[in-house]
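Visitor: The following block contains a protein sequence and its predicted model.
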Amino acid sequence: MVKNDTVAFLPTDAPSVRAARLAAPFLLGGAQSGTLVATTGDRPLGRADQLAFDRIERSSAAVAGVVAVRDGAVSPDGAARTAGIRFGAATDGGGRAGAAAVAAIRAIASRLAPSGLAVYLTGPLPELVDQQRAATGTAVDVSIVSVLFILVVLGLVFRALLAPLVTLLPAGLSLVLAGPVIGAAARAGVAVSSLMQLLLTALVLGAGTDYGLFLLFRYREYLAAGQDPAQAVVAAVERVGESVTFSAATVIAALLSLLLASFGLYRGVGPGLAIGIAVVLLVELTLFPALLSIVGPAVFWPTGASPRRAGPGAWGAVAARVSRRPAAALVASCLGLGLLSLSLVAYAPSGFNPGGYIAGSGSAMGETALSSHFGAAALDSTDVVLRLPEAVWEDPAVIDVGQDRLEASGVFGSVTDALSGAGGILPARLFTLAHRLLGPPGALPAVAPAGTSLPPAVYDAYRATAQSIGDDGRLVLFRVSLRAGAPGSTAAMQAIPAVRRITAGVGRRLGATASGVAGQAAGAADVSAVSASDILAIAPVVLAVLAVLLAVVLRSLIAPLYLVASVALSYAASLGLAVLLFVVAGHGLGVNFTLPFFMFVFVMALGEDYNILVMTRIREESERQPLRQAVAAAIGTTGTTVTSAGLVLAGTFGVLAVVASGQVRQIATGLSLGVLLDTFVVRTLVVPSAVVLLGRWNWWPSRRCLVDPPSAGVAPGAP
């Protein structure tokens with residue numbers, strides 16, 4: 001059910017989508033298309049090679065899922081030939097149907113190709129199938145490495161044999177259960193991508209382990225206080241269950257807010273991950289307490305449940321120092337986060353540059369063959385398409401006028417028109433003559449019929465014009481290279497607005513009824529624009545939803561304000577740190593267009609997880625001791641919990657950053673940095689200092705704001 005074509009998630013009215021529909025007869029840019037390319041290497045194709053390719057085309061047309069096979073062109077060197085394949089709706093997004101169709105065609109090519117003829121299937125759908133296969137393998141690698149990482153961290157934290165396994169088992173089960181549920185939702189119309197597939201692994205394992213840690217640490221605390229194991233389980237769920245529920249609710253609400261996005265990629269990622277977190281919550285509140293009840297105190301063997309040292313511990317000492325000088329701590333921490341945020345002045349969105357074809361795959365080898373024999377323009381070209389008022393058969397001069405106008409603009413490195421396409425240069429007079437003798441080029445066979453009066457070179461060149469001229473002669477396509485850079489580059493993406501203005505101007509000069517720019521750079525420009533628009537629309541919704549949930553769980557209207565503000569500052573700092581890493585230090589032209597959006601949603605939601613745990617514990621401690629002491633006690637008690645949880649969650653995203661590549665690596669790195677900043681700066685310095693400075697006003701307008709706090713002489717009550 002996974003889609004991997006980012007452009008396929010664009011709104012239907014996006015300029016690049018409209019241009020792709022206009023250029024559809026040429027099988028350009030469609031997610032359900034492919035290209036067969038046959039090559040003999042250095043020698044020209046022989047008659048036996050041509051006939052074998054004809055048989056491959058006919059057999060491919062009979063494959064389930066294939067709608068049409070359209071013969072392509074012979075390369076200028078005569079050593080390669082292509083055919084375009086259009087797949088049916090069942091293969092949309094790849095999946096089983098797409099993989100089966102691609103595998104069947106490749107099997108046919110392998111079986112029917114004679115010795116010395118190599119035949120590859122490449123293009124959007126075969127590339128997607130190859131990427132999905134690789135993404136599935138990457139997800140497995142992420143799961144394995146993440147599990148090992150979590151086990152090591154939990155082993156060091158608890159110094160026990162069963163605690164890591166009992167904590168990780170519910171998270172692992174949640175991941176197994178979430179997949180089929182999300183698949184069912186996808187069949188109901190929820191779009192999912194391989195990005196969601198990879199993020200799901202890291203998020204479910206990380207969040208599931210975090211929630212288990214929250215419960216397990218409180219369970220150990222109650223055991224150490226002398227409670228019966230069964231009572232300790234109940235008490236832990238009673239105390240921490242609310243925090244875990246609201247923590248999960250903040251993440252789910254933030255992810256569901258992505259349904260408001262106009263970019264389909266976000267709409268698909270959000271609900272899918274929200275389903276994963278909902279499954280985690282259900283498992284953690286049912287299976288995990290059951291496991292603790294069964295295993296009992298043995299979960300902490302051989303070290304046991306008793307604390308290894310008395311006193312507030314390192315985190316308690318830090319909180320006590322912050323409580324003594326809260327203003328200085330707040331100013332210093334906010335200043336540090338603000339300085340990191342200054343790196344955002346270097347922010348620029350990057351192009352797709354996805355790393356593209358999987359090395360060694362059939363699609364990669366096919367692209368190499370296309371580039372070698374048809375030139376770089378055959379690979380990821382940018383396409384200018386015009387619908388003219390009259391057919392060009394009798395007046396091909398209009399093609400030359402269009403080419404001259406495009407070349408004169410100065411934004412194109414090269415412009416290839418129908419008369420100078422893959423088959424070589426075709427003079428206008430021969431073009432008109434060939435049309436009178438042979439008819440539309442799209443219906444011609446690869447080998448000239450007996451009795452054809454045109455030379456073979458002219459026949460091949462005329463037949464190749466079908467790749468740039470529609471059957472009615474009115475639809476004309478120019479393959480262009482951008483002077484700004486390769487189609488996947490940031491510079492090419494940023495040049496698209498000018499390219500569109502020039503294309504529209506040329507279209508008006510020729511009287512075109514429709515025009516557009518299609519290709520990777522055009523798609524990247526639209527994706528970047530839609531993504532920027534979405535974050536401006538959704539950010540206020542996310543902030544408001546998080547504030548409401550915090551107000552409910554904390555019974556306060558004041559605390560949510562600075563808690564949301566603190567995590568927003570953490571987001572800006574972590575995004576600035578990502579820009580510093582990838583753009584300033586890494587000398588990149590920009591960061592992936594999805595990074596600010598996903599970091600905002602994830603850092604805001606996951607950051608509030610830890611705020612909820614810490615603030616609910618501060619509220620609990622403040623019932624029996626002064627606020628400064630309550631802050632120190634709460635941070636001292638939850639410090640190891642939050643630190644362990646933060647390291648686990650940041651580590652799972654870090655594993656994804658190491659195992660994956662391209663945009664996934666940038667997103668995972670940014671999320672990992674955001675979690676670490678929130679764990680060690682916001683939770684340790686910003687929140688405690690703000691709580692102490694506000695005093696009883698933290699709880700306004702609840703009754704606690706009106707009640708005098710406990711005096712310093714009141715001893716803490718029982719847990």
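Guide: Sure thing, it's come through.

Visitor: So, low pLDDT: which residues of the stretch 351-500 of the chain?
Guide: 351-360, 375-381, 421-424, 488 (pLDDT under 70).

Visitor: Next, work out how far apart residue 478 and residue 202 are.
Guide: Distance, residue 478 to residue 202, using C-beta to C-beta, to the nearest Å: 44 Å. Glycine gets a C-beta too; all of them are placed from N, C-alpha and C.

Visitor: out of those two, which sits in the busier spot?
Guide: Higher neighbour count among residue 478 and residue 202: residue 202, with 29 against 24, using other C-beta atoms under 10 Å.

Visitor: Does the more buried one touch residue 650 like I think?
Guide: No. If you go by C-beta atoms under 8 Å, residue 202 and residue 650 don't touch, sitting 10.0 Å apart.

Visitor: Need phi/psi at residue 36.
Guide: phi -90, psi 130 (degrees, to the nearest 10).

Visitor: Helix or strand: which one has the residue lying closest to it once chain neighbours are set aside?
Guide: Ranked by C-beta to C-beta, 6 or more residues apart in numbering and with sequence neighbours excluded, the top spatial neighbour of residue 36 is residue 83, at 4.3 Å. In the assignment (DSSP states H and E), residue 83 maps to strand 80-87.

Visitor: packing partners for that strand?
Guide: When contacts are defined as 3 or more C-beta pairs under 8 Å, 6 or more residues apart in numbering; DSSP states H and E, strand 80-87 packs onto strand 33-39, helix 47-61, strand 66-74, helix 95-112, helix 362-374.

Visitor: mind running it again at 6 Å?
Guide: Contact partners of strand 80-87 among helices and strands, from 3 or more C-beta pairs under 6 Å, 6 or more residues apart in numbering; DSSP states H and E: strand 33-39, strand 66-74.

Visitor: among those, which is the most enclosed?
Guide: strand 33-39 (a mean of 26; mean count of other C-beta atoms under 10 Å).

Visitor: could you check the angle helix 95-112 makes with that one?
Guide: Computed with axes from the mean of the first three to the mean of the last three C-alpha atoms, to 10 degrees, the direction of strand 33-39 lies at 20 degrees from that of helix 95-112.

Visitor: Quick one: classify residue 415 as helix, strand or coil.
Guide: Counting by DSSP: H, G, I helix; E, B strand; the rest coil, the backbone at residue 415 sits in strand.

Visitor: Pull out the buried residues from the helix or strand where residue 147 lies.
Guide: Secondary structure assigned from DSSP H and E places residue 147 in helix 124-158. If you call a residue buried by 16 or more other C-beta atoms under 10 Å, then helix 124-158 has these buried ones: 124-132, 134-135, 138-139, 141-143, 145-147, 149-150, 153-154, 157-158.

Visitor: Give me the next element, helix or strand, following it.
Guide: helix 162-187.

Visitor: so what secondary structure elements neighbour that following helix?
Guide: Using 3+ C-beta pairs under 6 Å, 6+ apart, helix 162-187 sits against helix 124-158, helix 194-224, helix 264-295.

Visitor: Skipping its backbone neighbours, what lies nearest residue 652 in space?
Guide: residue 206 (3.9 Å).

Visitor: Against residue 667, how distant is the one you found?
Guide: 14 Å.

Visitor: between the two, who's got more neighbours?
Guide: A direct count of neighbours by other C-beta under 10 Å for residue 206 and residue 667 places residue 206 higher, at 30 against 27.

Visitor: give the contact list for the more buried one.
Guide: 648, 649, 652 (C-beta atoms under 6 Å, 6 or more residues apart in numbering).

Visitor: Count the neighbours of the nearest residue to residue 270 once chain neighbours are set aside for me.
Guide: Among residues not flanking residue 270 along the chain, residue 258 sits closest, at 2.7 Å (C-beta to C-beta, 6+ apart). Neighbour count for residue 258, taken as other C-beta under 10 Å: 25.

Visitor: for residue 442, same thing?
Guide: Residue 442: 15 neighbours (other C-beta under 10 Å).

Visitor: my read: it touches residue 466, true?
Guide: Yes. Between residue 442 and residue 466 there is a contact under C-beta atoms under 6 Å: 3.9 Å.

Visitor: how about the CA coordinates for stretch 402-411, as CSV?
Guide: In CSV, the C-alpha atoms belonging to stretch 402-411 read as follows (Å, rounded to 0.1, in the frame of the first residue of the first chain):
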residue,chain,number,x,y,z
GLY,A,402,9.5,28.0,-30.3
GLN,A,403,13.0,26.6,-30.0
ASP,A,404,14.6,30.0,-30.9
ARG,A,405,12.4,31.8,-28.3
LEU,A,406,13.3,29.3,-25.6
GLU,A,407,17.0,29.4,-26.4
ALA,A,408,17.0,33.2,-26.4
SER,A,409,15.7,33.4,-22.9
GLY,A,410,19.1,32.4,-21.4
VAL,A,411,17.8,30.1,-18.7
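
Visitor: How about it, which residues are buried there?
Guide: For stretch 402-411, by 16+ other C-beta under 10 Å, it's 402, 403, 405, 406, 409, 411.

Visitor: Return the member of these nearest to residue 282.
Guide: Nearest to residue 282 among these is residue 411, at 55.0 Å by C-beta to C-beta.

Visitor: The residue nearest in space to the middle of the chain and residue 654, how far apart?
Guide: With distances taken as C-alpha atoms, centre = their mean, residue 195 lies nearest the centre of the chain, 3.9 Å away. Distance of residue 195 to residue 654, given as C-beta to C-beta: 17 Å.

Visitor: same question, residue 67
Guide: For residue 67, the distance to residue 654 - C-beta to C-beta - is 44 Å.

Visitor: Quick check: pLDDT value at the nearest residue to residue 251 once chain neighbours are set aside.
Guide: Of all residues beyond its chain neighbours, the one nearest residue 251 is residue 605 (4.3 Å), with distances taken as C-beta to C-beta, 6+ apart. Note on residue 605: pLDDT of 79.

Visitor: you'd agree residue 605 is in a helix?
Guide: Yes. Counting by three-state DSSP, residue 605 is part of a helix.

Visitor: For burial, what's the neighbour tally of it?
Guide: For residue 605, using other C-beta under 10 Å, the count is 27.

Visitor: now swap in residue 393 and tell me
Guide: By other C-beta under 10 Å, 18 other residues sit near residue 393.

Visitor: could you say which helix or strand contains it?
Guide: Residue 393 belongs to no helix or strand when elements are defined using DSSP H and E.

Visitor: Next one: the residue lying closest to it once chain neighbours are set aside from residue 429, what distance?
Guide: Leaving aside its chain neighbours, residue 393 sits nearest to residue 435 (4.5 Å; criterion: C-beta to C-beta, 6+ apart). Residue 435 sits at a distance of 11 Å from residue 429 (criterion: C-beta to C-beta).
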